[in-house]
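A.B. asks: Below: sequence and its predicted model.
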Amino acid sequence: MSVFDRYLSLWVALCIIVGVALGTLLPGLFQTVASWEYASVNLVVAMLIWAMVYPMMVAVDFASLRHVHRRPKGLIITVVVNWLIKPFTMAALGVLFFEFVFADLIDPADAGQYIAGLILLGAAPCTAMVFIWSQLTRGDANYTLVQVSLNDVIMIFAFAPIVALLLGVTDIEVPWETLLLSVVLYVIIPLAAGAATRAVLVRKAGNGVRGEARVSSFTASVKPFSILGLLATVVLLFGFQGQVILERPLLIALIAVPLLIQSYGIFAIAYAAAWIWRVPHNVAAPCALIGTSNFFELAVAVAIGLFGLNSGAALVTVVGVLVEVPVMLSLVALSNRTRRYFPAADEDAESSAASSLRTEEVRQ
């Protein structure tokens with residue numbers, strides 16, 4: 001691990017400070033960048049996410065995807081945690097904190113809005129940034145792709161009913177443009193680019209170990225751009241909300257409390273289940289991180305559509321974005337430090353992570 005990778009949390013912390021400072025000093029610039037969006041998807045952030053996920057997409061070996069069904073444990077944990085636990089614990093935490101614990105600190109009229117925002121985040125698990133979290137934990141690229149894809153398919157059918165149930169309303173309109181555009185931008189396009197790159201690399205180097213070694217060497221060479229994409233995204237996200245953070249720090253902190261408890265709690269549930277079930281670490285870590293992350297584009301779009309741009313619900317979904325990156329980095333560090341407690345990757349699993357490790361050894 002390079003010095004840059006080793007102190008990634010420090011660079012992220014510096015980027016948060018820089019983002020807040022620039023957002024305060026240059027609000028016009030960030031408002032302009034924030035306006036470059038379509039269907040609530042910011043195009044600049046989308047390009048940075050491409051930079052983040054592209055290396056892992058190159059590592060995806062389509063030939064080995066057909067073997068994923070032989071290892072269903074990670075998929076089962078992901079589905080159960082994301083859709084049978086996470087939305088309901090988030091709603092429960094929202095009620096607990098905004099109707100009881102923080103009742104004396106907030107306007108009672110706003111409590112329902114904050115709870116609604118939390119519910120929207122809880123019902124929209126997994127973001128494209130999971131690919132970089134998986135990469136940072138040396139996750140199985142093939143398995144992560146299947147987990148994210150399955151989650152997106154379920155989301156199409158389950159998001160609206162779950163939100164309707166928890167909000168107690170029935171007239172929810174799912175922003176299909178946002179949902180489908182996000183899947184295309186964050187999964188399909190980088191996956192297609194990665195597959196094309198991989199095919200060229202393998203064809204030039206020849207099949208087998210030499211081809212995998214070429215792929216491994218290439219992904220290692222572009223990984224710095226992935227990290228730079230992450231840091232630039234942090235600067236942008238915090239720059240967009242710099243003024244809000246400085247103007248309403250107490251409210252931001254109050255909203256962050258249930259989000260932090262939910263994030264670490266959901267990770268603990270999924271990670272413990274994977275450990276008990278003896279799931280290999282290169283599947284267990286992405287499995288737990290997927291449930292912890294939120295599809296913030298969808299949550300923000302629905303919050304604005306249902307409650308308005310300046311609503312408390314919209315503010316909560318934005319705070320969710322700000323909380324996510326630092327939390328996920330801490331969980332990545334925890335995952336890497338606890339790797340030894342999990343089984344190694346299945347020997348018969350043709351995971352790209354394992355292939356990358358093997359070929360890197362050959363290259364060295």
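C.D. replies: Nice, I can see it.
A.B. asks: can we go C-alpha only for contacts and neighbour counts from here?
C.D. replies: OK.
A.B. asks: quick one: Ala103 and Gly94 touch, right?
C.D. replies: No. Applying Cα atoms under 8 Å as the test, Ala103 and Gly94 come out as separate, 11.4 Å apart.
A.B. asks: more neighbours, these two?
C.D. replies: Neighbours were counted for Ala103 and for Gly94 using other Cα atoms under 10 Å; Gly94 has more, 26 against 13.
A.B. asks: Is my assumption valid that that one occupies a position in a strand?
C.D. replies: No. Applying DSSP: H, G, I helix; E, B strand; the rest coil, one finds Gly94 to be helix, outside a strand.
A.B. asks: For the nearest residue to it once chain neighbours are set aside, give me its contacts.
C.D. replies: Among residues not flanking Gly94 along the chain, Ile115 sits closest, at 4.8 Å (Cα to Cα, 6 or more residues apart in numbering). Applying Cα atoms under 8 Å, 6 or more residues apart in numbering to Ile115 gives the contacts 91, 94-95, 98, 313.
A.B. asks: Including distance to Ala285 and pLDDT, could these go into JSON lines?
C.D. replies: Converted to JSON lines, the contacts of Ile115 look like this (distance: Cα to Cα, whole Å; pLDDT from 0 to 100):
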{"residue": "Ala91", "distance to Ala285": "25", "pLDDT": "93"}
{"residue": "Gly94", "distance to Ala285": "27", "pLDDT": "93"}
{"residue": "Val95", "distance to Ala285": "30", "pLDDT": "92"}
{"residue": "Phe98", "distance to Ala285": "31", "pLDDT": "93"}
{"residue": "Ala313", "distance to Ala285": "30", "pLDDT": "86"}
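A.B. asks: got the buried residues for the helix or strand where Gly239 lies?
C.D. replies: Here Gly239, judged by DSSP states H and E, is contained in helix 209-240. By 16 or more other Cα atoms under 10 Å, the buried positions in helix 209-240 come out as 209-216, 218-219, 223-227, 229-240.
A.B. asks: any idea which helix or strand comes after it?
C.D. replies: helix 242-247.
A.B. asks: Against which helices or strands is the next helix or strand after that following helix packed?
C.D. replies: Using DSSP H and E, the helix or strand that follows helix 242-247 in sequence is helix 249-276. Helix 249-276 sits against helix 73-80, helix 86-96, helix 281-292, helix 312-337, with contacts defined as 3 or more Cα pairs under 8 Å, 6 or more residues apart in numbering; DSSP states H and E.
A.B. asks: how much does helix 249-276 deviate in direction from helix 281-292?
C.D. replies: Helix 249-276 runs at 150 degrees relative to helix 281-292, counting by axes from the mean of the first three to the mean of the last three Cα atoms, to 10 degrees.
A.B. asks: average pLDDT for helix 249-276?
C.D. replies: Helix 249-276 carries an average pLDDT of 95.
A.B. asks: So Trp11 versus Val234, what's the distance?
C.D. replies: As judged by Cα to Cα, to the nearest Å, Trp11 and Val234 stand 10 Å apart.
A.B. asks: Can you list the residue ranges for strands in the stretch 51-200 of the chain?
C.D. replies: Here the stretch 51-200 of the chain has no strands by DSSP state E, counting those that start in this stretch.
A.B. asks: any weak-confidence spans in it?
C.D. replies: Scanning the stretch 51-200 of the chain with the threshold set as pLDDT under 70 gives 64-65, 68, 127, 169-175, 179.
A.B. asks: Which positions in the helix or strand containing Ile17 come out as buried?
C.D. replies: Using DSSP H and E, Ile17 sits in helix 8-25. Using 16+ other Cα under 10 Å as the test for burial, helix 8-25 gives 8-9, 12, 15-24.
A.B. asks: Export these as CSV, with columns for pLDDT and distance to Leu180.
C.D. replies: Below are the buried residues of helix 8-25 laid out as CSV (pLDDT from 0 to 100; distance: Cα to Cα, whole Å):
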residue, pLDDT, distance to Leu180
Leu8, 75, 32
Ser9, 74, 32
Val12, 82, 30
Cys15, 88, 30
Ile16, 86, 29
Ile17, 90, 33
Val18, 92, 32
Gly19, 87, 29
Val20, 88, 31
Ala21, 91, 34
Leu22, 91, 32
Gly23, 87, 30
Thr24, 88, 33
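A.B. asks: Just give me the neighbour total for Trp36.
C.D. replies: 13.
A.B. asks: show me the contacts for it.
C.D. replies: Per Cα under 8 Å, 6+ apart, neighbours of Trp36: 42-44.
A.B. asks: Hmm, Gly139 and Val60 touching each other?
C.D. replies: No. The criterion here is Cα under 8 Å, and Val60 misses it with Gly139 at 11.1 Å.
A.B. asks: Give me the more crowded residue out of the two.
C.D. replies: Between Val60 and Gly139, Gly139 has the larger neighbour count (other Cα under 10 Å), namely 27 against 24.
A.B. asks: ok, now which ones touch that one?
C.D. replies: So Gly139 contacts 281-283, 285-286, 353 (Cα under 8 Å, 6+ apart).
A.B. asks: do the same with Ile269
C.D. replies: Ile269 makes contacts with 81, 288, as judged by Cα under 8 Å, 6+ apart.
A.B. asks: quick one: it from Gln31, how far?
C.D. replies: When Ile269 is compared with Gln31 (using Cα to Cα), they lie 39 Å apart.
A.B. asks: just Ala116 next, same as before
C.D. replies: The value you get for Ala116 to Gln31, if Cα to Cα is used, is 26 Å.
A.B. asks: who has more neighbours, these two?
C.D. replies: Ala116 (26 against 14).
A.B. asks: burial count for the nearest residue to the more buried one once chain neighbours are set aside?
C.D. replies: Nearest residue to Ala116, sequence neighbours excluded (Cα to Cα, 6+ apart): Ala313, at 5.7 Å. Ala313 is flanked by 29 other residues according to other Cα under 10 Å.
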